[in-house]
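A.B. asks: here's a sequence, model it:
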Amino acid sequence: MGGEEARHLLVGRLRKPHGLKGDCAVFPLTDEPAVVFAPGRTVWVRNLAGQTVAGPLTIERSRPHHREWLLAFRDYARIEAVEPWRGHFLVAEQSSLRALAPGEVYLHDLVGFAVRDRSGAPLGLVSDLDQGPAGLILTVQGPKREFLLPYKKEFVQEVNREERVLVVDLPAGLTEL
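C.D. replies: Take a look at the predicted model:
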């Protein structure tokens, strides 16, 4: 990568050790845990401050367990080795994950996207996002004020990653709320 650090994406939350042989209970933060947590894959452990605590770690074995996954890492075969990671996060290199399909985007990349109506008229720029009880809400800085845009199929008609544009079909008055 030419001296540039690889981009890592959050893929799981390390909950606690499971058993005495170094297995960890991991809550998946990916929609493809069977692929991301497959034996032979590489991950890193990061703390809440975003600092790398351990890694690269090679997944030795994995299996689903209720709503979580149980993972074991090569060379970490005892509970004492993984106990310090309790409550930390697993990240993986973006390049090792499935490529995004057309119309897909990583949520963190939405900040800075231009928002346009179906005719191409500019409505504003995405400045923030928040996960609410009804789903993702984008804060859009419009020409006169900010407005909240639910990130739902009925409103967001097109996602153009290359041009960083969201094409939306909004109910009348939404930009004035």
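
A.B. asks: contacting residues for A92?
C.D. replies: When contacts are counted by CB atoms under 8 Å, 6 or more residues apart in numbering, A92 touches 8-9, 11, 36, 41-44. Quick note: C-beta positions are derived from backbone N, CA and C, even for glycine.

A.B. asks: now, of the residues you listed, which are buried?
C.D. replies: Neighbour-count burial (16 or more other CB atoms under 10 Å) applied to the contacts of A92 gives 8-9, 11, 36, 41, 43-44.

A.B. asks: which strands and helices lie in contact with the lengthiest strand in the chain?
C.D. replies: As assigned by DSSP state E, the longest strand anywhere in the chain is strand 52-65. Helices and strands touching strand 52-65, by 3 or more CB pairs under 8 Å, 6 or more residues apart in numbering; DSSP states H and E, are strand 42-46, strand 68-73.

A.B. asks: closest one to L20 among those strands?
C.D. replies: strand 68-73 (11.6 Å; CB to CB).

A.B. asks: next helix or strand past the closest one?
C.D. replies: Downstream of strand 68-73, the next assigned helix or strand under DSSP states H and E is helix 79-82.

A.B. asks: what's stretch 15-29 in contact with?
C.D. replies: Taking CB under 8 Å, 6+ apart as the rule, stretch 15-29 contacts 10-14, 36-37, 65, 67-73, 76-79, 81-83, 85-87, 89-90.

A.B. asks: that should have said stretch 53-63, apologies.
C.D. replies: Counting by CB under 8 Å, 6+ apart, 37-47, 69-74, 76, 84-85, 88 sit against stretch 53-63.
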